[in-house]
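**Student:** Need a 3D model of the following:
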Amino acid sequence: MQMNPSKFLFTSCLILGTLITISSNSWLGVWMGLEINLLSFIPLMTNHNNILTTEASLKYFLIQTFASAILLFAIITSYVMSHTTFQFNIEFPYSILIISALLLKMGAAPFHFWFPGTMEGLNWWNCFILMTWQKIAPLILLSYTASFNIFLLCIIMTCTIIGSIGGLNQTSLRKLMAYSSINHLGWMIAALILSDNLWIFYFSMYAFLTASIVFLFNCFQIYHMNQNFLMLTHNPTIKFYLFTSLLSLGGLPPFLGFLPKWLVIQTMAETMSPFLITIMVITTLLTLFYYLRITFSAFLLNYSEVKWNSPLTLNYNLFLKLTTLASISTFGLSLSTLMYFLL
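**Tutor:** Have a look, this model is predicted:
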């Protein structure tokens, strides 16, 4: 992404809005930070060369504005009814409204209807911001208000089920990554209820694996499933890096993506019902199914390629970056386990 002065300004304001939100000590400060974050991301989404970005930015703006209105309504109503300050002690009916608004902002199921369509109209770096950075503020606010109850239990199950089933028939990689993000959100919310350190670790691993995949997709401008097979025929090493990173994101052992899921399962087994763990593991196997379906076809089938589709040349620096990211994703769990036993 070319960083001209205007994009640098809006990116700085985007980061500033999130920092204001997570460091505020009142709900009005939280709302102000969320609005700064929203109004900074809209110009980053738009691109005059792609008409789909206009639709995506308008859709994102309307949904986020609606969620902010619900959030502000719940905050003011709680203040008027309880005659307290704008602090984080929200009572039951208003806390459900606030949690729903935050879930709508981050695109968690069943409030996910806008998320895959918005992702489809963006380039890869804006998709990465939408999948990672834009979820930080709502997740931290959710950690202030959330406690384990039936409502959040249903949200976790809905996120994991819809995120796994929704990606089964997708041929667009951006929609597939969107449904994968919805599935991971269910795991993050479950980790968030258990421990702050656990969800921060899970989110960090998810952001790293998503960044490695988005970096590779963006380098070769891959947006659809068949491009994986046709464009990377002359680069079997890069193809190997791509699909090992996808399997790692799906949580297949012995890749690095299995480590945060392992920690969440182990912690949930001590505190929560086994029924929820069973649902989450089964739905993760469904996400692994559509990752494995892509990987199996790409690795084991020989695809023909026309002569005018020339081989993609890689410079040394790009190849070194891809190798480093793929190596961490592939061998990270083994190295972490080895260091644990050695220390």
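**Student:** What residues of stretch 137-150 count as buried?
**Tutor:** 137-143, 145-146 (16 or more other Cβ atoms under 10 Å). Placement of C-beta: from N, CA and C, glycine included.
**Student:** So what's the gap between it and the chain middle?
**Tutor:** 17 Å (Cα atoms, centre = their mean, to the nearest Å).
**Student:** Could you number the chain from 23 rather than 1 from now on?
**Tutor:** All right, first residue 23 from here; so that's stretch 159-172.
**Student:** Let me see the mean pLDDT of that stretch.
**Tutor:** Averaged over stretch 159-172, pLDDT sits at 87.
**Student:** quick one: contacts for the residue most central in space within the chain?
**Tutor:** Centroid check for the chain by Cα atoms, centre = their mean gives M153 as the closest residue, at 3.5 Å. By Cβ atoms under 8 Å, 6 or more residues apart in numbering, the contact list for M153 reads 141, 199-200, 203, 232.
**Student:** For these, give me JSON lines that also has neighbour count, secondary structure and distance to F239.
**Tutor:** Compiled in JSON lines, the contacts of M153 are given as follows (neighbours: other Cβ atoms under 10 Å; DSSP: H, G, I helix; E, B strand; the rest coil; distance: Cβ to Cβ, whole Å):
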{"residue": "M141", "neighbour count": "25", "secondary structure": "helix", "distance to F239": "12"}
{"residue": "M199", "neighbour count": "25", "secondary structure": "helix", "distance to F239": "9"}
{"residue": "A200", "neighbour count": "26", "secondary structure": "helix", "distance to F239": "13"}
{"residue": "S203", "neighbour count": "28", "secondary structure": "helix", "distance to F239": "14"}
{"residue": "T232", "neighbour count": "20", "secondary structure": "helix", "distance to F239": "10"}
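**Student:** could you dump those to TSV with distance to W284?
**Tutor:** Converted to TSV, those look like this (distance: Cβ to Cβ, whole Å):
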residue	distance to W284
M141	28
M199	22
A200	25
S203	20
T232	19
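**Student:** how about the residues you listed, which pair is most distant?
**Tutor:** M141 and T232 (12.1 Å; Cβ to Cβ).
**Student:** any weak-confidence spans in this structure?
**Tutor:** The model of the chain has pLDDT under 70 over residues 23-25, 105-113, 252-256, 323-336, 338, 362-365.
**Student:** domain parsing for the protein?
**Tutor:** 23-128, 140-365 (automatic domain parsing).
**Student:** Which residues does stretch 187-197 contact?
**Tutor:** Under Cβ under 8 Å, 6+ apart, the answer for stretch 187-197 is 138, 141-142, 144, 146, 149, 198, 201-202, 204-205, 239, 244-248, 250, 305, 308-309, 311-312.
**Student:** and with 7 Å instead?
**Tutor:** Stretch 187-197 is contacted from outside by 138, 141-142, 149, 198, 201-202, 204, 239, 244-247, 308-309, 312, using Cβ atoms under 7 Å, 6 or more residues apart in numbering.
**Student:** In PyMOL, select just the buried ones from those residues.
**Tutor:** For the buried members of these, the matching PyMOL selection, counting by 16+ other Cβ under 10 Å, is:
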select buried, resi 138+141+142+149+198+201+202+204+239+244+247+308+309+312
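**Student:** Among the contacts of stretch 187-197, which one sits closest to M290?
**Tutor:** T309 (17.9 Å).
**Student:** Locate that closest one within the secondary structure: which element?
**Tutor:** helix 296-322 (DSSP states H and E).
**Student:** Just the buried positions in that helix, please.
**Tutor:** 298-299, 301-302, 305-306, 308-310, 312-314, 316-317, 320.
**Student:** re earlier: how about the domains of the chain, which one is nearest H134?
**Tutor:** Of these, nearest to H134 by Cβ to Cβ is domain 140-365, at 5.3 Å.
**Student:** when you check the contacts of stretch 187-197 against the helices, which ones overlap?
**Tutor:** 138, 141-142, 149, 198, 201-202, 204, 239, 247, 308-309, 312 (DSSP state H).
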